[in-house]
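Peer 1: when you get a sec, could you give me coordinates for this:
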Amino acid sequence: MTGNPAQFEAIGNRLGFNVTEQTPQKLRMLWQGARFPAFLCLGIALLLLFVSVPILRALHLRGFIGPAGSLWYFPLMNLVLFVIAIFLVTQRRIIEVDGHSRQITLLRRSFCRSTVLSASYDEISKVKLGIDQVYSGFALGGSTAAEKFPVPALRIILTTGESVLLDRGSFRKLAELGKLVSERLAKPLEIDSQLPGRLGPGPVVGKSEPVR
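Peer 2: A predicted model of the protein is given here:
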């Protein structure tokens, strides 16, 4: 295996991959990041241009001693919002299961860097649909009430005992994705026995028993 599984963990409670390519030998899934906050930041940054451009012009002509000197932070905020918007828009996560090379590859990409994790089929022991304990949004926002709640999570378990997060979301969607991944890896899909009782009816698979 190459790469660090910790770099593919997620703070949020769900990702939401979509299958973009599906053949008997290849499975490709894509997550495009948080689009709403990205376009919100971009919209605010474009609105701020109507204020920032005249301020920059005034600073260029008269420097910081003129009337616009105390408003220097508007162009700076504008730039920060543009950077945040570009970062969010360019967020990508790709999962590719390739039967020809017998490799599963995870790619995490933004405009500033790309991170790759790859593992051969022989390094994977099983695919597991279990439960992650995820902090609430209030705790992420700085609240002292750091409460956790259970979220279904799909992971691959390596022979070394490490786990790699593939996706989080609804039980039914993850069960479908888990079945697709396990079939191509030819590895068993293990579903936590707590999930059906917690999230409604669904298939129950014992440990190391493949889904057919």
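Peer 1: can you pull the contacts of the nearest residue to Thr115 once chain neighbours are set aside?
Peer 2: Counting by Cβ to Cβ, 6 or more residues apart in numbering, Thr115 lies nearest to Arg108, which is 4.4 Å off, once chain neighbours are set aside. (C-beta placed from N, C-alpha, C; glycine too.) By Cβ atoms under 8 Å, 6 or more residues apart in numbering, the residues touching Arg108 are Gln7, Phe8, Arg92, Arg93, Ser114, Thr115, Val116.
Peer 1: can you flag the buried ones in the residues you listed?
Peer 2: Listed as buried from these are Phe8, Arg93; burial here means 16 or more other Cβ atoms under 10 Å.
Peer 1: which one of the contacts of Arg108 is nearest to Glu162?
Peer 2: Phe8 (11.1 Å; Cβ to Cβ).
Peer 1: can I get stretch 150-163 in CSV? Just the C-alpha atoms.
Peer 2: What follows is stretch 150-163 as a C-alpha-only set of coordinates in CSV (Å, rounded to 0.1, in the frame of the first residue of the first chain):
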residue,chain,number,x,y,z
PRO,A,150,-23.6,7.5,14.7
VAL,A,151,-23.3,7.7,10.9
PRO,A,152,-23.1,4.7,8.5
ALA,A,153,-19.7,4.4,7.0
LEU,A,154,-18.2,2.2,4.2
ARG,A,155,-14.6,1.2,4.7
ILE,A,156,-12.1,-1.2,3.3
ILE,A,157,-10.2,-3.2,5.9
LEU,A,158,-6.5,-3.9,5.1
THR,A,159,-4.7,-7.1,6.1
THR,A,160,-2.6,-4.9,8.5
GLY,A,161,-5.7,-4.0,10.4
GLU,A,162,-5.9,-0.4,9.1
SER,A,163,-9.1,0.9,7.6
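Peer 1: mind checking how far that stretch is from the chain centre?
Peer 2: 15 Å (Cα atoms, centre = their mean, to the nearest Å).
Peer 1: before we move on, what about stretch 111-121?
Peer 2: From the chain centre to the centre of stretch 111-121 is a distance of 13 Å (Cα atoms, centre = their mean).
Peer 1: now do the helices in the chain.
Peer 2: 35-62, 73-89, 137-140, 171-185, 194-199 (DSSP state H).
Peer 1: that'll do, ta.
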